[in-house]
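Chemist: Prediction below, plus the sequence it came from.
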Number of protein chains: 2
Amino acid sequence: MSDKKRRLKSTATKPANGFKSRLQPDSAILAILESLLASTRSACTSKTPTAKSLSDLNLSSTCREVTDLPPSSVRHAIEQTILTAAQSILSGRGFSFSVPSRASSNHLYVPELDRIVLRDKSSTRSFSSLPTVRKSAITARVLHLIHQLCLKNIHVTKRDLFYTDVKLFGDQSQSDTVLDDVSCMLGCTRNSLNVVASEKGVVVGRLVFTDDGDRIDCTKMGVGGKAIPPNIDRVGGMESDALFILLVEKDAAFMRLAEDRFYNRFPCIIVTAKGQPDVATRLFLKKMKMELRLPVLALVDSDPYGLKILSVYMCGSKNMSYDSGNLTTPDIKWLGVRPSDLDRYGVPEQCRLPMTDQDVKTGRDLLEEEFVKKNAGWVEELELMLRTRQKAEIQALSSFGFQYLSEVYLPLKIQQQDWL
Amino acid sequence: MSDKKRRLKSTATKPANGFKSRLQPDSAILAILESLLASTRSACTSKTPTAKSLSDLNLSSTCREVTDLPPSSVRHAIEQTILTAAQSILSGRGFSFSVPSRASSNHLYVPELDRIVLRDKSSTRSFSSLPTVRKSAITARVLHLIHQLCLKNIHVTKRDLFYTDVKLFGDQSQSDTVLDDVSCMLGCTRNSLNVVASEKGVVVGRLVFTDDGDRIDCTKMGVGGKAIPPNIDRVGGMESDALFILLVEKDAAFMRLAEDRFYNRFPCIIVTAKGQPDVATRLFLKKMKMELRLPVLALVDSDPYGLKILSVYMCGSKNMSYDSGNLTTPDIKWLGVRPSDLDRYGVPEQCRLPMTDQDVKTGRDLLEEEFVKKNAGWVEELELMLRTRQKAEIQALSSFGFQYLSEVYLPLKIQQQDWL
């Protein structure tokens, strides 16, 4: 090769800083994944008999959680609520609903469960009182609409629900709020109410499942992948020979891994919500983790927002804490991109971004969160991030070549069992 | 039925204002769709020999368009460009690129083509001139990166491209701009450069196609549908027994139609980009329309933004006018929700929203656009919207019942051939 050619070449594919040569054969990396899978499965089995629900912790009287209910049970619960109201009216006392409080003072992080739950504080929403008459009317109307949905067993969005009675609801935030109230009141997940969020997530890889009766083979979904269905109750029959689930924050990284068919080299299921996790993707991840008992490795940006996204998958959001048991996937391993990776992998200075004041604030807030505190490795990483005041996106790895992510970074991370 | 029960019932499902009774049997509606399909196909055939390209219109010397090129041709074009530059350097004249101008003064709406194209004005980007040295260096670097992508035939996002040389590019807008420049320079679509946008669209219904070699049957994609692949050049083998394509603006309406399996009652392909159309969805729609020769009916919000979305599908955006021939789908019929539908279907006042000043301005601007002007029906509808200053979302139809859209509104619109 002439000098000139070599120079050209060196700018073409930047030196992969020697990391590629450290890679062991795939069989060695696969063995690591197999042992991770085995330990995840044995943990699943051994933990099952220990305390994992509110009642096991003697918290069921002071905390509140909801469960998935079939449409017939939701209807029954609504009919009971309305019957109680009718009896109250007939006895001359008017009617009122007992609505669990979802104020932040009513939230509780339960370390044994590793998620946020709702305390059992309720308020009375009376029809015969001026401050609550409107809200109790809206509540009755929403109960009625949900009853219809469960009767027909069809699914609608929050927006559809709002439009069925704009005059009463006024604006969508009012029907949305009451929808969450109703979910708590009836003790069922919002999903059981047949009101779904719009879909955003995509899945590809070693997974077969049924979507509304159609059998979907996610190894045969090309580069585009399969859109995650908005209604999880129509998802079933999950089968997989994957060794792990790779949870990806960003669409671009998902695309890279799908095009490279990463899941054929290292059997896995790749899933992304394209940013902030939506309810459908969270439910789908939870279902995969539970039914297939697979370890979950996460690939997020090295910034406070990436960690925040992990926290939503793992511990839930405050807004839907009453449903945290159904929405959260415990024990997600933070594979990368972690703050310590930036120096370890020599991510060039110009590919790192300075943290904004808002980033720093978010990072400091995260350090106060229980779910971060209990993981010493996470605290260390977050402290490093705040000290260096640098962040980086997953795509920063492209500076070593477009396929560095799938060909070097991820295999090496797995080989080194470098997750927290 | 007791009086009480009847009262309950009447608030449950609001009177579908008699429209349901006007519906003819499905066979009659299917016959209408079949004749629409026949006329679309005969129009395709008869129009083919008439002027449909820039050269047919004798515009190829003054206007510029790009075409899809295979990776080998793109590589060849890049090598030619670099060879020319090298020769120029060796002869002591330094080097420069001739870059087509994409300024708005260089845009032209061609009525015969019904889309925006780029005029053939170019500027010289010289390496030896202070104002252009940086940009010509960036251009050379981008050419180099694209050459690599075409060599490996892999696809990356704009963001990935930016991260390969952050130091040179500075910020992503600079590599993005040059990417469009390079596309014009080489005379190929941005898609041919193997740089793709992230995917957003979903498709469901009577369509079979291959995504990177995997055969996808979109009637078997459950409620979630199939994510539209980011790289259209890996899409092939389209087959369909559909009578039309239903282009839907919103995710919620898509979900309703998918869950009701609307495509089984009226054979169609349902596609949505979930709002503002992305490049992948536009290319996919175009490909379906061209290969399957199906009529396209559009269901958008009744607001200026809905019409704007139609215009992007049909005529392209100014930003990518050089690529309009490949991105635009001509002859999309505006099925609904149209301003005149609001009164015709008795959409309740409270489900209509007042137009903001910005809405009105956008609407007035649209009235000035050539593609609106040439369709008298569209002008009339838009003038009605501006006169009443009312807009409405597709979901406003939920006020007549959750399934009104799929069971009454769409079948009736088709039965009445009520599209423009």
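Modeler: The structure has been received and is ready for your questions. Because the structure is predicted, anything quoted here is derived from the model rather than measured. Residues are numbered from 1 along each chain as shown, chains lettered A, B, ... in the order given.
Chemist: alpha carbons only for contacts and neighbour counts from here, please
Modeler: Will do.
Chemist: What distance do you get for residue A:107 to residue B:216?
Modeler: 45 Å (C-alpha to C-alpha, to the nearest Å).
Chemist: Where does residue A:297 sit: helix, strand or coil?
Modeler: Three-state call for residue A:297 (DSSP: H, G, I helix; E, B strand; the rest coil): strand.
Chemist: So it sits against residue A:268, correct?
Modeler: No - with contacts counted by C-alpha atoms under 8 Å, residue A:297 stays clear of residue A:268, the gap being 10.1 Å.
Chemist: what residues do these two have in common as contacts?
Modeler: Residues touching both residue A:297 and residue A:268 (C-alpha atoms under 8 Å, 6 or more residues apart in numbering or on different chains) are A:244, A:245, A:246.
Chemist: what about the helix or strand where the second one lies, distance to the chain center?
Modeler: Secondary-structure element containing residue A:245, defined by DSSP states H and E: strand A:244-248. Taking C-alpha atoms, centre = their mean, to the nearest Å, the mean C-alpha location of strand A:244-248 is offset from the chain mean by 12 Å.
Chemist: contacting residues around the residue of the stretch 251-400 of chain A at minimum distance from chain B?
Modeler: Ranking the residues of the stretch 251-400 of chain A by distance to chain B (C-alpha to the nearest C-alpha) places residue A:399 first, at 3.9 Å. Residues in contact with residue A:399 (C-alpha under 8 Å, 6+ apart) are A:14, A:347, A:348, A:351, B:163, B:164, B:165.
Chemist: so who does the third one touch?
Modeler: Okay, so that is residue A:348. When contacts are taken as C-alpha under 8 Å, 6+ apart, residue A:348 is in contact with residue A:399.
Chemist: Give me the phi and psi for it.
Modeler: Taking degrees, to the nearest 10, you get phi -60, psi 150 for the backbone angles of residue A:348.
Chemist: Closest to chain B out of the shared contacts of residue A:297 and residue A:268?
Modeler: Distance to chain B, by C-alpha to the nearest C-alpha, is smallest for residue A:246 among the shared contacts of residue A:297 and residue A:268, at 18.6 Å.
Chemist: ok, now which ones touch the closest one?
Modeler: Residue A:246 touches A:268, A:269, A:270, A:271, A:296, A:297, A:298, A:299, counting by C-alpha under 8 Å, 6+ apart.
Chemist: is any part of the helix or strand where the third one lies close to chain B?
Modeler: Per DSSP H and E, residue A:270 falls inside strand A:268-272. No - counting by C-alpha under 8 Å from any C-alpha of the partner chain, no contacts exist between strand A:268-272 and chain B, the nearest distance being 12.0 Å.
Chemist: Partner strands of that strand, with direction?
Modeler: Neighbouring strands of strand A:268-272 in its sheet, by DSSP bridges, are strand A:202-205 (antiparallel), strand A:244-248 (parallel).
Chemist: from the middle of its chain, how far away would it be?
Modeler: Relative to the chain's own centre, strand A:268-272 is displaced by 13 Å; criterion: C-alpha atoms, centre = their mean.
Chemist: Now do it: everything it contacts.
Modeler: Contacts for strand A:268-272 (C-alpha under 8 Å, 6+ apart): A:201-207, A:241-251, A:254, A:258, A:263, A:281, A:285.
Chemist: now do 6 Å
Modeler: Contact with strand A:268-272 is made by A:201-206, A:242-249, as judged by C-alpha atoms under 6 Å, 6 or more residues apart in numbering or on different chains.
Chemist: which bits of chain A sit near chain B?
Modeler: By the rule C-alpha under 6 Å from any C-alpha of the partner chain, the part of chain A lying against chain B is A:160, A:163-164, A:166-167, A:211-212, A:214, A:220, A:222-229, A:350-351, A:395-396, A:398-399.
Chemist: Inside strands: which ones of those?
Modeler: Using DSSP state E, A:211, A:214, A:226, A:227 are the members of those that sit in strands.
Chemist: By neighbours, which of the residues you listed wins?
Modeler: residue A:227 (29 neighbours; other C-alpha atoms under 10 Å in any protein chain shown).
Chemist: May I have the residues that are in contact with that residue?
Modeler: Contacts for residue A:227 (C-alpha under 6 Å, 6+ apart) come out as A:202, B:224, B:225, B:226, B:227.
Chemist: Look up the residues forming beta bridges with it.
Modeler: Bridge pairing for residue A:227 - DSSP bridges - gives residue A:202.
Chemist: before we move on, the earlier item: hmm, which of the residues of chain A next to chain B are the buried ones?
Modeler: Buried by 16 or more other C-alpha atoms under 10 Å in any protein chain shown: A:160, A:163-164, A:166, A:211-212, A:214, A:220, A:222-229, A:350-351, A:395-396, A:398-399, out of the residues of chain A next to chain B.
Chemist: Looking at stretch A:181-194 now, give me its mean pLDDT.
Modeler: For stretch A:181-194, mean pLDDT is 89.
Chemist: quick one on the thing from earlier: which of the contacts of residue A:227 lies closest to residue B:334?
Modeler: Nearest to residue B:334 among the contacts of residue A:227 is residue B:225, at 23.5 Å by C-alpha to C-alpha.
Chemist: Spatially nearest residue to that closest one (excluding sequence neighbours)?
Modeler: residue B:204 (4.8 Å; C-alpha to C-alpha, 6 or more residues apart in numbering or on different chains).
Chemist: The one you found contacts residue B:223, correct?
Modeler: No - if you go by C-alpha atoms under 6 Å, residue B:204 and residue B:223 don't touch, sitting 8.1 Å apart.
Chemist: Spit out the contact partners of whichever residue of the stretch 51-200 of chain A sits closest to chain B.
Modeler: Nearest to chain B in the stretch 51-200 of chain A, going by C-alpha to the nearest C-alpha, is residue A:164, at a distance of 4.0 Å. Under the criterion of C-alpha under 6 Å, 6+ apart, the neighbours of residue A:164 are B:398, B:399.
Chemist: Perfect, that will be all.
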